[in-house]
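Trainee: Predicted model and sequence below, questions to follow.
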There are 2 protein chains.
Amino acid sequence: MEYLDSYRNRAVLVTGGLGFIGSNLCRRLADLGARVTAVDSLLPDYGGNLFNLEGYEDKVRINIADVRGHAMEYLVQGQDVVFNLAGQVSHIDSMTDPFTDLEINCRSQLWILEALRKRNPEAKIVYAGTRQVYGRPQRLPVDENHPLAPADVNGINKISGEFYHLVYHQAYQIRACSLRLTNTFGPRQLIRHNRQGFIGWFMKKAVLGETIEVFGDGAQRRDFDYVDDVVDAFLRAGASEASNGQVFNLGGGPPISLLDLAQDLVRLSEKSDIKIVPFPEERKRIDIGDFFSDARKIETTLGWKSTTPFADGLARTVEYYRAHQEHYL
Amino acid sequence: MEYLDSYRNRAVLVTGGLGFIGSNLCRRLADLGARVTAVDSLLPDYGGNLFNLEGYEDKVRINIADVRGHAMEYLVQGQDVVFNLAGQVSHIDSMTDPFTDLEINCRSQLWILEALRKRNPEAKIVYAGTRQVYGRPQRLPVDENHPLAPADVNGINKISGEFYHLVYHQAYQIRACSLRLTNTFGPRQLIRHNRQGFIGWFMKKAVLGETIEVFGDGAQRRDFDYVDDVVDAFLRAGASEASNGQVFNLGGGPPISLLDLAQDLVRLSEKSDIKIVPFPEERKRIDIGDFFSDARKIETTLGWKSTTPFADGLARTVEYYRAHQEHYL
């Protein structure tokens, strides 16, 4: 495929490169022959994990740095593509400590974009946005024209991060675009605590054979993307000129309820069970209910589709954590 | 009028209370019998001016403080209504120094809202939003459902500020709402430099009898609100429960071209003239062209309308600056 070949010998920077999606992306880029630098601050509890690049230590240059600061001005130089995935993803943490979320998800983006503007305005940059910008859906499925109405501070700061990219495109012709990720799952995700969403937490319980607690009735439906598919979306966006100045939803696969997800995991685990518990107040007030997206824009523009069958992705993920659980617990 | 009577003996805090709209609001509130505290940091070049409360020194408590910081936790206590107007309004400054704009327009709002959440969750808060959240209009007139697509960093940070208010309403039941201001003019605006929009700058040139430089062809049309009308909108929003969790456009009056504005000012000044000059590059790239709003929502919900005839407002404004120019130049 042409877009895959285009990465051979290209210089690529991945912010959040030791995190869940970032590390999977780094590994794939290295396999495609790119010269990859992974930048990560390894802030505790955010998901960065050196083990995520295990086996790739010679193929990916690991640079520990906070994206907030002047180090970025050096690091962006000479890069052909920047995949910009650094951030914190906990909705609940953004409500208990909104200032830190602002620092990590919003202010950080100005550092990255100012570095590009000053030192490398020719680079392409792909931002990891989120479906959280839409908040509680007003209609389903949610396309890119759905009103922006975030339900928590994290969603607000992620909107700013995305808008900064679009304004830097419009005002300074930086070749920026954003992918609005939905629920991504797969190997190398943080599963240790329950503040980064239910998937990692359910996964941990399944791997340990413990009880999976489902909030409410578990009837909320979401669309899930296996991480390899999400990596493919980044690769397509990073190799495209048609993506400049655009935002694209990911997702678009069949909606699956949280209870179904839990039941599938119980079957794979062969040990866990499920307990339905009331929604904790602090989560209830920022919950968005059902969410699934209309991802036809990225299919039309970049040829991307969520293709990995959910059951296959889930089985591979459980297998991964079983084999490597000591690095994730 | 009932909403006006409701302010008698009420404790009211106005952030940005020495600024353009904030000071006009403080004066009106004091006239209505409210116990008013004006908070302002008097940051140079932002528009705060002690002369703006001239004659009201005994009726308004002036408290110099930055809204970013723990002082707000004390200051919000016991307040019935908070009118939240502190901010920086220069589009051009937000591009040359995006970090400061983030501090002043975005991070500041978390300080204010966290202070309310912790110390006075019963208070009503009215936020000064902006039409800039819409960016370059995709259709005219612009109603509240128009997509958010800011054209500069200031517009992005003002979106965040507004969304924080809405999320604190949704998650914590803070009685918050936002007014999206369009082009406001009138006495007590900063006119000393040209980085806060064309109105103040044109006004200065008219008062001094100098040449008014109009960028491009001056054909861009805008809707203008006289500051007394804007103050009235704040008073209505602050006294209403129907406004909670809502955003409202102001504006809605007849669109007027920048060239027409300049010509009206030349007539009033009896000395100035007009020169058409090319758009400077740094302004061109963030210019939004024509803008005028559909303000029917606030008319329906709060009974507000932009009522002062443009010519009357303009004449009163010129007269004010002629009488007090030494305090504004």
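Mentor: Okay, I see it.
Trainee: contacting residues for A:Leu53?
Mentor: Neighbouring residues of A:Leu53 by CB atoms under 8 Å, 6 or more residues apart in numbering or on different chains: A:17-18, A:23, A:26-27, A:38, A:60, A:62. Placement of C-beta: from N, CA and C, glycine included.
Trainee: for A:Arg117, that is, sorry about that
Mentor: By CB under 8 Å, 6+ apart, A:Arg117 lies in contact with A:168, A:172, A:174.
Trainee: which parts of the strand or helix carrying it are buried?
Mentor: Using DSSP states H and E, A:Arg117 sits within helix A:108-119. Buried positions in helix A:108-119, judged by neighbour count with 16 or more other CB atoms under 10 Å in any protein chain shown: A:108-117, A:119.
Trainee: Tell me how far whatever helix or strand comes next after it lies from the chain's centre.
Mentor: The C-terminal neighbour of helix A:108-119 among helices and strands, as given by DSSP H and E, is strand A:124-130. With CA atoms, centre = their mean, to the nearest Å as the basis, strand A:124-130 stands 10 Å off its chain's centre.
Trainee: quick one: is the helix or strand following strand A:124-130 near chain B?
Mentor: As assigned by DSSP H and E, the chain's next helix or strand after strand A:124-130 is helix A:153-172. Yes. With CB under 8 Å from any CB of the partner chain as the criterion, chain B is reached by helix A:153-172 at A:153, A:155-157, A:159-160, A:163-164, A:166-167, A:170-172.
Trainee: what's the angle between the helix or strand that comes right after helix A:153-172 and helix A:108-119?
Mentor: Using DSSP H and E, the helix or strand that follows helix A:153-172 in sequence is strand A:175-181. Orientation of strand A:175-181 against helix A:108-119 (axes from the mean of the first three to the mean of the last three CA atoms, to 10 degrees) gives an angle of 160 degrees.
Trainee: Could you list the contact residues of the stretch 1-150 of chain A toward chain B?
Mentor: Residues of the stretch 1-150 of chain A lying near chain B (CB under 8 Å from any CB): A:95, A:98-99, A:102, A:106-107, A:110, A:114, A:145, A:147-150.
Trainee: Restricted to buried residues, select those residues in ChimeraX.
Mentor: Paste this into ChimeraX to select the buried members of the residues of the stretch 1-150 of chain A next to chain B, with burial taken from 16+ other CB under 10 Å:
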select /A:95,98,102,106,107,110,114,147,148,149,150
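Trainee: Make a markdown table from the residues of the stretch 1-150 of chain A next to chain B and add distance to B:Gly129 and pLDDT to it.
Mentor: Shown next, in a markdown table, are these (distance: CB to CB, whole Å; pLDDT from 0 to 100):
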| residue | distance to B:Gly129 | pLDDT |
| --- | --- | --- |
| A:Met95 | 22 | 95 |
| A:Pro98 | 19 | 97 |
| A:Phe99 | 21 | 96 |
| A:Leu102 | 18 | 96 |
| A:Cys106 | 18 | 96 |
| A:Arg107 | 21 | 96 |
| A:Leu110 | 21 | 97 |
| A:Glu114 | 26 | 97 |
| A:Asn145 | 21 | 95 |
| A:Pro147 | 15 | 96 |
| A:Leu148 | 14 | 96 |
| A:Ala149 | 14 | 96 |
| A:Pro150 | 15 | 96 |
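Trainee: Among the residues of the stretch 1-150 of chain A next to chain B, list the two that are farthest apart in space.
Mentor: A:Phe99 and A:Asn145 (31.7 Å; CB to CB).
Trainee: count of neighbours near A:Ser269?
Mentor: Using other CB atoms under 10 Å in any protein chain shown, A:Ser269 has 20 neighbouring residues.
Trainee: Strands of the stretch 151-300 of chain A, residue ranges please.
Mentor: Using DSSP state E, counting those that start in this stretch, the strands of the stretch 151-300 of chain A run over A:175-181, A:183-185, A:212-215, A:221-222, A:224-226, A:247-249, A:256-257, A:274-277.
Trainee: The longest one: partners in the sheet, and parallel or antiparallel?
Mentor: Based on DSSP bridges, the pairing partners of strand A:175-181 within the sheet are strand A:124-130 (parallel), strand A:247-249 (parallel).
Trainee: deepest of those strands, which one?
Mentor: Counting by mean count of other CB atoms under 10 Å in any protein chain shown, strand A:124-130 has the highest mean neighbour count of these, with a mean of 26.
Trainee: pLDDT on that one, on average?
Mentor: Strand A:124-130 shows a mean pLDDT of 98.
Trainee: Which residues does it contact?
Mentor: With contact meaning CB under 8 Å, 6+ apart, strand A:124-130 is reached by A:16, A:21, A:80-85, A:87, A:89, A:109, A:112-113, A:116, A:155, A:158, A:161-162, A:165, A:174-181, A:234, A:237-238, A:243-244, A:247.
Trainee: still on that earlier bit, for the residues of helix A:153-172 next to chain B, which entry has the maximal number of neighbours?
Mentor: A:Ile156 (32 neighbours).
Trainee: so who does A:Val207 touch?
Mentor: A:191, A:269, A:318, A:321-322, A:325.
Trainee: Identify, from those, the entry nearest to chain B.
Mentor: Nearest to chain B among the contacts of A:Val207: A:Ile191, at 26.4 Å, using CB to the nearest CB.
Trainee: wait, isn't the closest one in contact with A:Tyr321?
Mentor: Yes. If you go by CB atoms under 8 Å, A:Ile191 and A:Tyr321 touch, sitting 6.7 Å apart.
Trainee: which one of those two has more residues nearby?
Mentor: Taking other CB under 10 Å, A:Ile191 and A:Tyr321 do not tie; A:Ile191 has more neighbours (24 against 21).
Trainee: Report the contact partners of A:Gly209.
Mentor: A:269-272.
Trainee: Next, count neighbours for the residue nearest to A:Ile199 when sequence neighbours are not counted.
Mentor: Once flanking residues are discounted, A:Ile199 sits nearest to A:Phe185: 4.7 Å by CB to CB, 6 or more residues apart in numbering or on different chains. By other CB under 10 Å, the residues close to A:Phe185 number 22.
Trainee: For chain A, name the helix or strand with the lowest mean pLDDT.
Mentor: In chain A, no helix or strand scores lower on mean pLDDT, DSSP states H and E than helix A:281-284, which sits at a mean of 89.
Trainee: hmm, who's touching it?
Mentor: A:92, A:95-96, A:215-216.
Trainee: how about a cut-off of 10 Å?
Mentor: A:91-92, A:95-96, A:194, A:198, A:215-216, A:278, B:171 (CB atoms under 10 Å, 6 or more residues apart in numbering or on different chains).
Trainee: Pull out the buried residues from those.
Mentor: For the contacts of helix A:281-284, buried by 16+ other CB under 10 Å: A:91-92, A:95, A:194, A:198, A:215-216, B:171.
Trainee: what's the closest of those residues to A:Arg10?
Mentor: Closest to A:Arg10, out of all of the buried ones among the contacts of helix A:281-284 and judged by CB to CB, is A:His91, at 34.4 Å.
Trainee: who touches the closest residue to A:Ile92 other than its chain neighbours in this structure?
Mentor: Among residues not flanking A:Ile92 along the chain, A:Arg195 sits closest, at 5.2 Å (CB to CB, 6+ apart). Taking CB under 10 Å, 6+ apart, we find A:Arg195 in contact with A:45, A:88-94, A:96, A:201.
Trainee: any idea how far A:Arg195 is from chain B?
Mentor: 16 Å (CB to the nearest CB, to the nearest Å).
Trainee: got it, and A:Glu213?
Mentor: From A:Glu213 across to chain B, the span is 22 Å (CB to the nearest CB).
Trainee: now swap in A:Gln88 and tell me
Mentor: 15 Å.
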